[in-house]
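Undergrad: coordinates only, sequence not included:
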């Protein structure tokens with residue numbers, strides 16, 4: 001959390017280029033020398049340090065090093081009370097700016113001095129919740145109730161934390177965006193929390209980008225989303241996540257040039273973020289810019305950054321399947337993934353469906369699937385895949401029976417999802 005705040009502060013200084021936390025944390029326990037790290041990140045200087053905590057006392061050492069020469073540009077040791085941690089973060093940010101001769105405007109100085117809270121316990125809860133949200137490998141990452149509870153605990157300790165209200169709003173917006181819960185109640189919770197955040201800090205970058213995401217996720221209002229993302233960048237011009245979100249809004253609006261430029265810039269500021277590279281890759285793919293597609297580089301990068309991520313094998317297998325039109329190499333990749341990560345649940349339905357290997361699927365769906373499956377792109381009664389399987393097996397009577405059951409199930413939930421495109425696309429499938 002200490003590192004994250006300093007990076008966020010420095011990202012507010014227009015005259016500096018700062019690499020995102022997602023990328024730098026890879027080197028936390030690394031044995032790489034600074035010169036090699038700087039080359040990987042594309043930077044000239046590196047800030048390193050350590051923190052020692054003893055009861056209510058804290059010692060922080062920080063040093064700014066020129067990676068090429070190993071020259072120490074600035075160094076300081078802070079021995080303070082734990083409650084002074086926010087002042088130390090501010091001081092380090094200012095010292096770095098001064099050392100690198102970056103122009104620091106009065107507005108930027110005020111932004112750096114602005115604190116999320118003075119309550120260290122509330123700050124710790126906020127950081128824990130945010131870390132879980134951004135880390136897909138965390139066991140609680142797909143448990144929004146757990147994350148929401150942490151944010152709410154922080155607000156009990158300090159009810160004036162605008163960034164926490166913004167994060168709560170984004171959590172509810174994510175539930176809508178990714179299909180976990182698209183109810184009006186969840187949308188209203190996203191709205192109520194972002195309105196509280198706006199009353200406290202109307203121009204704050206975190207608040208503005210959460211406001212933009214509320215429009216993006218809950219209403220697909222990409223014009224309003226883009227307007228707020230751009231306001232957020234006025235407060236934090238070097239914030240890689242906001243730059244990427246701006247690119248996604250442009251992509252939804254069909255702005256090819258702005259999308260690619262934004263994602264390329266985000267990838268420079270966050271070079272070790274697999275998702276940014278993946279989204280740029282998908283954008284090239286969607287625009288049929290095949291000369292830009294380097295599959296080997298993309299997946300090598302993914303394996304390098306996330307060697308324990310089983311989903312990369314699934315993604316690679318899917319790409320081979322879609323582009324080769326058969327499952328031969330795709331199955332080899334899945335087999336390799338299963339040997340390395342046997343506990344991961346690999347999706348083989350598309351491959352087996354293509355190869356007409358239906359054995360076991362029908363009983364598995366009947367006995368183990370929920371009545372309705374909710375995903376980012378579908379609201380699917382389990383009777384729908386049963387209809388598909390029976391159709392390709394030539395069991396026309398059973399296929400029609402399951403398809404009609406799917407339509408009936410969808411009609412029963414029409415009031416809840418009347419404005420959801422997933423609902424209508426699934427009725428069309430049925």
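TA: Cool, got the structure. Model, not experiment: these values are computed from the prediction.
Undergrad: show me where pLDDT drops low in the protein?
TA: Regions of the chain meeting the criterion pLDDT under 70 cover residues 1, 137, 376.
Undergrad: from residue 237, how far out is the residue nearest the centre of it?
TA: Nearest to the mean C-alpha position of the chain, counting by C-alpha atoms, centre = their mean, stands residue 134 at 5.4 Å. Note on residue 134: its distance to residue 237, by C-beta to C-beta, to the nearest Å, is 21 Å. No exception for glycine: its C-beta is placed from N, CA and C like everyone else's.
Undergrad: what's the burial count for residue 49?
TA: Counted with other C-beta atoms under 10 Å, the burial measure for residue 49 works out to 17 neighbours.
Undergrad: so it sits right up against residue 63, yeah?
TA: Yes: checked against C-beta atoms under 8 Å, the pair residue 49 and residue 63 is within contact range at 6.4 Å.
Undergrad: just say helix, strand or coil for residue 281.
TA: Using DSSP: H, G, I helix; E, B strand; the rest coil, the secondary structure recorded for residue 281 is helix.
Undergrad: what do you get for residue 77?
TA: Reducing the assignment at residue 77 to three states with three-state DSSP gives strand.
Undergrad: torsion angles phi and psi at the spatially closest residue to it that is not a sequence neighbour?
TA: In space, and not counting its chain neighbours, residue 77 is closest to residue 61: 4.9 Å by C-beta to C-beta, 6 or more residues apart in numbering. Backbone geometry at residue 61, expressed as degrees, to the nearest 10, gives phi -110, psi 140.
Undergrad: tell me how far residue 61 lies from residue 49.
TA: 5 Å.
Undergrad: so where do the helices sit in the stretch 201-350 of the chain?
TA: With DSSP state H, counting those that start in this stretch, the ranges of helices along the stretch 201-350 of the chain come out as 205-219, 222-235, 240-252, 256-269, 274-286, 295-305, 311-324, 328-340, 349-354.
Undergrad: would you mark the buried spots in the first one?
TA: Pointing back at helix 205-219 there. For helix 205-219, the buried set under the neighbour-count rule, 16 or more other C-beta atoms under 10 Å, comprises 205-218.
Undergrad: out of the residues you listed, the closest to residue 86 would be?
TA: For residue 86, the nearest member of the buried residues of helix 205-219 is residue 206. The distance, counting by C-beta to C-beta, is 15.8 Å.
Undergrad: so residue 395 versus residue 39, what's the distance?
TA: 60 Å.
Undergrad: then residue 362?
TA: The span separating residue 362 from residue 39 equals 54 Å under the rule C-beta to C-beta.
Undergrad: so those two - more neighbours on which side?
TA: Per other C-beta under 10 Å, whichever of residue 362 and residue 39 has more neighbours is residue 362, with 17 against 13.
Undergrad: my read is that that one contacts residue 386, right?
TA: Yes: between residue 362 and residue 386 there is a contact under C-beta under 8 Å: 6.3 Å.
Undergrad: wait, residue 183 sits on residue 413?
TA: No: under the criterion of C-beta under 8 Å, residue 183 is not in contact with residue 413, lying 11.2 Å apart.
Undergrad: do you have the strands of this structure handy? List them.
TA: Assigned strands in the chain, in chain order: 45-54, 57-66, 71-81, 372-374, 379-381 (criterion: DSSP state E).
Undergrad: in the fourth one, what's buried?
TA: Applying a neighbour-count criterion of 16+ other C-beta under 10 Å, the buried positions in strand 372-374 are 372-373.
Undergrad: helices or strands up against it?
TA: Applying 3 or more C-beta pairs under 8 Å, 6 or more residues apart in numbering; DSSP states H and E, we find strand 372-374 packed against strand 379-381.
Undergrad: residues in contact with the strand it packs on: which ones?
TA: 179, 371-374, 405-406, 409-410, 413, 417, 420, 422-423, 426, 430 (C-beta atoms under 8 Å, 6 or more residues apart in numbering).
Undergrad: what does stretch 141-157 give?
TA: For stretch 141-157, the external contacting residues (C-beta under 8 Å, 6+ apart) are 117, 119, 121-123, 125-126, 128-129, 132-133, 135, 140, 161, 164-165, 167-168, 171-172, 174-175, 180.
Undergrad: also stretch 216-228?
TA: Contacts to stretch 216-228, defined as C-beta under 8 Å, 6+ apart, come from residues 173-174, 176-177, 187, 190-191, 208-209, 211-213, 215, 245-246, 248-250, 252-253.
Undergrad: report the buried members of the residues you listed.
TA: With burial judged by 16+ other C-beta under 10 Å, the buried subset of the contacts of stretch 216-228 is 173-174, 176-177, 187, 190-191, 208-209, 211-213, 215, 245-246, 248-250.
Undergrad: which residues touch residue 234?
TA: Residue 234 sits next to residue 203 when contact means C-beta under 8 Å, 6+ apart.
Undergrad: state the number of residues packed around the closest residue to residue 347 other than its chain neighbours.
TA: Closest residue to residue 347 in three dimensions, ignoring its sequence neighbours and counting by C-beta to C-beta, 6+ apart: residue 314, at 6.5 Å. Using other C-beta under 10 Å, residue 314 has 19 neighbouring residues.
Undergrad: surely residue 314 is in contact with residue 336?
TA: No: if you go by C-beta under 8 Å, residue 314 and residue 336 don't touch, sitting 11.3 Å apart.
Undergrad: what's around the nearest residue in space to residue 133 that is not next to it in sequence, how many residues?
TA: Here the nearest residue to residue 133 in space, its sequence neighbours aside, is residue 147; by C-beta to C-beta, 6+ apart that works out to 5.7 Å. Counted with other C-beta under 10 Å, the neighbours of residue 147 add up to 23.
Undergrad: not counting its neighbours along the chain, what's nearest residue 201?
TA: In space, and not counting its chain neighbours, residue 201 is closest to residue 162: 3.9 Å by C-beta to C-beta, 6+ apart.
Undergrad: of the helices of the stretch 201-350 of the chain, flag the one that's most buried.
TA: Across the helices of the stretch 201-350 of the chain, the average number of neighbours (mean count of other C-beta atoms under 10 Å) peaks for helix 205-219, which reaches a mean of 25.
Undergrad: how far off helix 240-252 does that helix point, in degrees?
TA: Taking axes from the mean of the first three to the mean of the last three C-alpha atoms, to 10 degrees, helix 205-219 and helix 240-252 form an angle of 30 degrees between their directions.
Undergrad: quick revisit: now do the contacts for the residue nearest to residue 347.
TA: By C-beta under 8 Å, 6+ apart, the neighbours of residue 314 are 334, 337, 344, 346-347.
Undergrad: which of the contacts of stretch 141-157 are buried, as a PyMOL select command?
TA: Of those, the buried ones can be selected in PyMOL as follows, counting by 16+ other C-beta under 10 Å:
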select buried, resi 117+119+122+123+125+126+128+129+132+133+161+164+165+167+168+171+172+174+175
